[in-house]
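> build me a structure from this.
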Amino acid sequence: MDIKEKVSRKLQPGKYVIAVSGGIDSVVLLDIVSRIKGLELIVAHFDHGIRTDSKLDQTFVGNLATKYQLIFETKSVKLGSNASEQLARDERYKFLKTVVDAQGAEGIITAHHQDDVIETAVFNLLRGTGRRGVTSLSSSELIIRPMLDITKDQIKQYALRHELLWREDSTNQDLKYSRNLIRSKLAGKNGSVVNKLLTRIDKLKATNQELDDALDQLLINVTKDGKLLRAKFISLSHGLALETMAKWLRLNGITEYDSKLLNNLVIASKTYKNRSRFSINKAAYLLIETEFLVIKTTTS
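Next up is the predicted model:
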């Protein structure tokens with residue numbers, strides 16, 4: 001099965017925003033989806049302002065949109081050369097979601113591929129994000145990633161075969177970024193190692209689904225009106241409390257956390273005095289009461 005057929009099987013007819021950075025991955029994806037019937041596409045490019053030459057990427061992608069006769073949406077900010085990977089990602093997806101809303105699109109298509117799956121798994125393991133972090137790179141209702149079973153080498157072969165042009169991001173070689181360091185360490189690993197990693201990731205996905213289903217049932221017993229019942233939460237083992245806390249945070253729209261924060265939240269929930277507060281992030285905190293654990297926004 002060729003790349004185009006693999007991608008087309010992952011996409012239903014409809015209107016989509018396709019994220020195009022100008023790099024080889026997104027250029028190849030754009031060329032592929034432009035050939036699939038039944039898709040109405042909006043090309044979206046976010047200029048982070050991290051590199052001095054990023055405006056050239058923006059112009060390049062705009063020209064691509066013209067070439068494929070597609071609507072072009074773009075935004076420029078100045079995050080600066082010291083911006084973190086997380087900040088860049090958050091700002092990019094915030095922009096992409098505004099384009100989805102403005103255009104009445106069904107979702108966002110991104111160019112993440114099989115190599116990204118492995119890099120993300122290793123990256124999240126090092127961050128201590130736990131079992132879900134290892135399997136976090138997948139498609140969702142809003143974000144469709146149709147190339148997750150396509151390798152970087154296959155993408156390069158497609159680009160060369162179709163004589164495509166793309167932009168090289170110089171920051172991809174900068175080892176101060178964790179993902180680039182991981183990529184450099186994984187480079188040259190033989191196929192058997194990669195296949196073992198992918199097999200373990202797939203198995204963990206299935207396990208995660210089973211655990212999440214069980215946690216859904218557990219949360220029914222330890223929550224009331226969206227609040228955690230403190231006495232019941234305290235009775236949980238530490239491991240189960242960690243999983244419950246992580247699930248509860250996600251249900252409240254908090255998806256960025258690591259194992260250290262989870263551990264501290266569980267300890268605080270079980271030991272802090274009534275009316276104590278524990279910061280979750282800049283926008284939210286945990287209010288610890290005698291009977292309940294409640295997530296509050298910093299403005300409330």
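> quick one, phi psi at residue 3?
The phi and psi values for residue 3, taken as degrees, to the nearest 10, are phi -60, psi -40.
> give the burial count for it, as a bare number.
Residues lying near residue 3 (other C-beta atoms under 10 Å) number 21. In short, each C-beta sits where N, CA and C put it, glycine included.
> for the helix or strand containing residue 61, which positions count as buried?
Element membership for residue 61, per DSSP states H and E: helix 54-67. Buried residues in helix 54-67, counting neighbours by 16 or more other C-beta atoms under 10 Å, are found at 54, 57-58, 60-62, 64-65.
> for the helix or strand that that helix is followed by, packing partners?
Next helix or strand after helix 54-67 toward the C-terminus (DSSP H and E): strand 71-76. Packed against strand 71-76 by the contact rule (3 or more C-beta pairs under 8 Å, 6 or more residues apart in numbering; DSSP states H and E) you find strand 39-47, helix 54-67, helix 85-103.
> residues in contact with strand 71-76?
17, 41-47, 49, 55, 58, 61-62, 65-66, 95, 99, 102-103 (C-beta atoms under 8 Å, 6 or more residues apart in numbering).
> how is the protein divided into domains?
What the record gives for the chain is the domain set 3-188, 216-297, from automatic domain parsing.
> if we can go back for a sec, just checking, what packs against the helix holding residue 61?
When contacts are defined as 3+ C-beta pairs under 8 Å, 6+ apart, helix 54-67 packs onto strand 39-47, strand 71-76.
> so for residue 234, which of those sits nearest?
strand 39-47 (44.1 Å; C-beta to C-beta).
> state the phi and psi torsions of the residue nearest to residue 292 when sequence neighbours are not counted.
Spatial nearest neighbour of residue 292, chain neighbours left out: residue 227 (4.2 Å); criterion: C-beta to C-beta, 6 or more residues apart in numbering. Main-chain dihedrals, residue 227, degrees, to the nearest 10: phi -100, psi 150.
> residue 243 falls within a strand, correct?
No: using DSSP: H, G, I helix; E, B strand; the rest coil, the assignment for residue 243 is helix, not a strand.
> thinking again about what came up before, just the CA atoms of the helix holding residue 61, as PDB, please.
In PDB, the C-alpha atoms belonging to helix 54-67 read as follows (Å, rounded to 0.1, in the frame of the first residue of the first chain):
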ATOM      1  CA  SER A  54      11.200  32.300   9.900                       C
ATOM      2  CA  LYS A  55       9.500  34.900   7.700                       C
ATOM      3  CA  LEU A  56      10.900  33.000   4.800                       C
ATOM      4  CA  ASP A  57       9.100  29.900   5.900                       C
ATOM      5  CA  GLN A  58       5.800  31.900   6.100                       C
ATOM      6  CA  THR A  59       6.300  33.200   2.500                       C
ATOM      7  CA  PHE A  60       7.200  29.700   1.300                       C
ATOM      8  CA  VAL A  61       4.100  28.100   2.700                       C
ATOM      9  CA  GLY A  62       2.000  31.000   1.400                       C
ATOM     10  CA  ASN A  63       3.300  30.200  -2.100                       C
ATOM     11  CA  LEU A  64       2.500  26.600  -1.600                       C
ATOM     12  CA  ALA A  65      -1.100  27.400  -0.800                       C
ATOM     13  CA  THR A  66      -1.300  29.500  -4.000                       C
ATOM     14  CA  LYS A  67       0.200  26.600  -6.000                       C
END
